[in-house]
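sequence first, then the predicted structure, then my questions.
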Amino acid sequence: MGIISWIILGLLAGAIAKILLPGRDPGGLLGTTLIGVAGAFIGGWISARYLDRPISNEFYDGATWAAAIGGSLVLLIVYRILFGHSRSR
């Protein structure tokens, strides 16, 4: 997959992570989608590097999607922990 595919996958993974983890995010929709893109890259890297599950070159591979969504969820949780209380309600 090329860089554009990873960005599209990250945007979709960020949206799915937001659906799975509802609530207020300190960055709004733009922040959540950027976290999704970063999570896709990090999830893919962790999967390939440490879990011995190389990422497929196909966009519709389940393991690629799981790694991207998992990475997005982890980054979204960390982002909420670090910056969740910095904005007044």
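Yep, it's here.

low-confidence regions, the protein specifically.
Within the chain, the stretches with pLDDT under 70 are 1, 25-27, 53-59, 85-89.

in three-state terms, label the residue nearest the centre of it for me.
A centroid search over the chain (CA atoms, centre = their mean) returns Ser72, at 2.1 Å, as the residue closest to the centre. Of the three states, Ser72 takes helix according to DSSP: H, G, I helix; E, B strand; the rest coil.

equivalent analysis for Leu51, please.
At Leu51, secondary structure determined by three-state DSSP is coil.

ok, it - how many residues close by?
With neighbours defined by other CB atoms under 10 Å, the count for Leu51 comes to 10. For glycine as for every other residue, the C-beta is placed from the backbone atoms N, C-alpha and C.

thinking again about what came up before, I figured the residue nearest to the centre of the chain hits Ile16, correct?
Yes. Using CB atoms under 8 Å, Ser72 is in contact with Ile16, at 7.3 Å.

which residues in this protein form strands?
Ranges of strands in the chain, per DSSP state E: none exist.
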